[in-house]
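Chemist: pasting the sequence and the predicted model now:
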Amino acid sequence: MGVGLGLRRELAQQTFEHSNQIDWLEFVPENYMGLGGAAKNRLERARSEFPLVSHGINLSIGSVDEINEEYIRSIRELLNLVDSPWWSDHLCFTSYGGVYMHDLLPLPFSREAVKHVAQRARKVQEMVGRPFLFENISYYMNMPGSEMTDAQFISEVLQESDCGLLLDVNNIYVNSLNHKFDPYEYLKQLPLERTVQIHIAGHSDKADVVIDTHGSAVVQPVFDLLRFVLQRTEVKAVMLERDQNFPSFDELLGELGQIREIVREFQPQMLSKEREKQVESRKKQPAATYTEGRAKGREHVSVVSA
C-alpha cells in the first residue's frame with residue numbers, strides 16, 4: 001500500500017488537496033459508526049480517493065467484559081463499506097463492567113492473559129471476516145501478575161491467536177526510555193514476520209517520563225527503528241500518526257517524504273509505481289477544494305491517541 005497518513009478532521013482539506021503525495025489513509029472507526037453529516041461526507045470523499053484502513057480504539061480485546069456484539073456489527077458494516085484490507089486495535093483493555101475508560105490500559109503479561117486475549121481475537125476476526133492486527137501500546141506501569149516480558153507476551157499472543165502485528169516503533173522507543181531497555185534487542189525478540197503495518201509518530205519528553213502523544217515531530221531514533229524493521233521483514237504499509245499540535249501541512253509532507261525515502265531504500269516494492277510517479281511529478285494543478293459542510297450529524301471525539 002505504501003506510505004499513509006491518518007484521516008483527521010483538522011487535516012482533511014489539506015490531505016485531499018495533496019492526495020498525490022499520500023498513498024492511503026487510516027481512519028478511526030469510532031468516529032464514523034452510524035454517523036451522517038460532515039463525518040460521513042469526509043469518509044466518502046476519502047474512500048473515493050484513497051485505499052482506507054481501520055484502526056480502532058474501543059474493541060477492548062483484553063477486557064473481561066463480554067465482546068460488544070453491537071460494536072462488532074457496526075465495525076463490520078463500516079469495513080465492508082470502505083473495503084478495508086485489514087483492521088486493527090490495541091493489545092490492551094479499555095473497559096471494565098461496561099464502563100469505557102477512554103485510555104489504553106496495559107494487561108498483565110501472564111499466560112492466562114495470553115489465552116484470554118487470543119481466544120477473543122480469533123472470535124472477533126471470524127465475526128468481522130477480515131484479518132485482525134494487534135498494535136503494541138505504550139504503557140507507564142507494569143500490571144501485577146506478570147510472568148514474562150512485554151516482548152514475550154506480544155509474541156505468545158500473536159502465535160496463539162494467529163493474528164498479525166501493527167508495529168508501532170514510537171511506542172517501542174517510548175517504552176524503552178520509560179522502562180530502561182534496549183529497543184533493538186526488544187525488536188529481535190518479536191516475530192517481526194507477522195508485521196503487516198507500521199506506525200511512526202512523535203512523543204513528548206516530560207523530564208521524568210516520556211509520553212506517546214502523536215503531537216510532535218518524529219525523532220531520529222524512531223526513524224532508525226523503522227529502518228531496522230524494514231531491513232528485517234517485509235510489510236505492506238507505513239503510516240505517520242499526528243493527532244494534535246498540528247504543524248503546517250508542509251511539515252507533515254516533509255515527514256512523509258522522509259518515511260518514503262526509507263521505504264524506497266529498503267522495500268521499494270511497497271510503493272505503488274503510479275503513486276510514485278505522482279509524488280515525483282508533484283502535480284501543478286490544485287485539487288478540488290474540500291469543505292466539511294453543514295449537514296447535521298455528530299462526531300465522536302476520543303481523548304485516546306490511537
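Modeler: Right, received. Where do you want to start? Source: prediction; values computed, not measured.
Chemist: strands along the stretch 1-150 of the chain, start to end?
Modeler: Here the stretch 1-150 of the chain has its strands, by DSSP state E, counting those that start in this stretch, at 2-6, 24-27, 52-55, 87-90, 93-96, 99-105, 132-135.
Chemist: which outside residues touch stretch 118-133?
Modeler: For stretch 118-133, contacts defined as C-beta atoms under 8 Å, 6 or more residues apart in numbering pick out 59, 61-62, 67, 69, 72, 75-76, 79, 84-89, 134, 157, 160-166, 196-197. Just so you know, the C-beta spots here come from the backbone N, C-alpha and C atoms, and that holds for glycine as well.
Chemist: redo that, cut-off 7 Å
Modeler: 59, 61, 67, 72, 75-76, 79, 84, 86-88, 157, 160-161, 163-166, 196-197 (C-beta atoms under 7 Å, 6 or more residues apart in numbering).
Chemist: buried ones in it?
Modeler: Residues 118, 120-121, 124-125, 128, 130, 132-133 are the ones in stretch 118-133 that count as buried (16 or more other C-beta atoms under 10 Å).
Chemist: just for the stretch 101-250 of the chain, where's the confidence low?
Modeler: For the stretch 101-250 of the chain, applying pLDDT under 70 flags no range at all.
Chemist: now the helices for it?
Modeler: With helices called from DSSP state H, counting those that start in this stretch, the stretch 101-250 of the chain shows them at 111-128, 150-161, 169-179, 183-188, 220-230, 249-266.
Chemist: save the ones you listed as TSV, and put in distance to Y100 too.
Modeler: Formatted as TSV, the helices of the stretch 101-250 of the chain follow (distance: least, C-beta to C-beta, whole Å):
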stretch	distance to Y100
helix 111-128	17
helix 150-161	22
helix 169-179	21
helix 183-188	30
helix 220-230	29
helix 249-266	30
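Chemist: out of these, which is closest to D205?
Modeler: The closest of these to D205 is helix 169-179. By C-beta to C-beta, the value is 8.2 Å.
Chemist: give me the angle between that closest one and helix 220-230.
Modeler: Interaxial angle of helix 169-179 relative to helix 220-230 (axes from the mean of the first three to the mean of the last three C-alpha atoms, to 10 degrees): 120 degrees.
Chemist: what is helix 169-179 packed up against?
Modeler: When contacts are defined as 3 or more C-beta pairs under 7 Å, 6 or more residues apart in numbering; DSSP states H and E, helix 169-179 packs onto helix 183-188, strand 195-200, strand 210-211, helix 220-230.
Chemist: quick one: closest of those to R8.
Modeler: Using C-beta to C-beta, the nearest of these to R8 is strand 195-200, at 14.2 Å.
Chemist: the closest one pairs with which strands, and in what direction?
Modeler: strand 164-168 (parallel), strand 237-240 (parallel) (DSSP bridges).
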